[in-house]
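Visitor: here is a sequence together with a model predicted from it:
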Amino acid sequence: MSGSQASEFRYLVRMKGKDLDGRKKAVAALADLKGVGYNFAQAIVNGAGIDPKMRFGQLSEAQVKDIERVLADTSSLNVPQWAFNRKRDPESGETKQLVGSDLDIALKGDLDRERNIQSWRGVRHSLGLKVRGQRTRTTGRKGKTVGVRKATLQQAAQAAKTADEKK
């Protein structure tokens, strides 16, 4: 590494609203983005024509722009349809890859749609219960204290004892 390249190394690279670690390799750093896994990051790096073993902080500004371009237009990648995280989008009908806050907004919209049509899943989501058929008899208790407290038992036993003595 020459002196000019050492000064160009960036420890943080901003992409899609998140600071990515420049010390990681390109694929591992991209996998830190929400909505991008390791395999999809590998496809992005290959689509942008970048060496996957290169550290993310060593990438030039043009290479980072190439990665952002590929992320914006994932249809140009040679990736099968099942690898995308938004298949047959209900609004547009197309298959695409959502990243970061776009993924959060889409998931929130899906939940709101389920609640509005009052499907079984929507009702379970609105009540804060488990949605996918899990057991709820003993698990998933949030907020309330469950079970019998020892102090309550002792008070009840004391009250029963005094009631028996009065008879």
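Guide: Structure received. Numbers count the residues shown, from 1 in each chain.
Visitor: mind listing the strands for the chain?
Guide: Here the chain has its strands, by DSSP state E, at 12-15, 18-21.
Visitor: go through the ones you listed and name the closest to residue 103.
Guide: Using Cβ to Cβ as the measure, strand 18-21 is the one of the strands of the chain that comes nearest residue 103, at 12.0 Å. The C-beta positions use only the backbone N, C-alpha and C, and glycine is treated the same way.
Visitor: low-confidence regions, this structure specifically.
Guide: Applying pLDDT under 70 to the chain picks out residues 1-7, 143-148.
Visitor: which residue is nearest the centroid of it?
Guide: Relative to the mean C-alpha position of the chain, the nearest C-alpha, by Cα atoms, centre = their mean, is the one of residue 34, at 5.6 Å.
Visitor: and the helices in this protein, which stretches?
Guide: Counting by DSSP state H, residue ranges of the helices within the chain are 3-8, 26-30, 38-48, 61-72, 101-116, 120-127, 150-166.
Visitor: the longest one packs against which elements?
Guide: Contact here means 3 or more Cβ pairs under 8 Å, 6 or more residues apart in numbering; DSSP states H and E; on that basis helix 150-166 packs against no helix or strand.
Visitor: quick check: the residue nearest to the centre of the chain touching residue 106?
Guide: No - between residue 34 and residue 106 no contact is recorded; they are 11.6 Å apart, counting by Cβ atoms under 8 Å.
Visitor: tell me the contacts of the residue nearest to the centre of the chain?
Guide: Applying Cβ atoms under 8 Å, 6 or more residues apart in numbering to residue 34 gives the contacts 18, 99, 100, 103, 104.
Visitor: just the helices of the chain: most buried one?
Guide: Ranked by mean neighbour count under mean count of other Cβ atoms under 10 Å, these are led by helix 26-30, which reaches a mean of 23.
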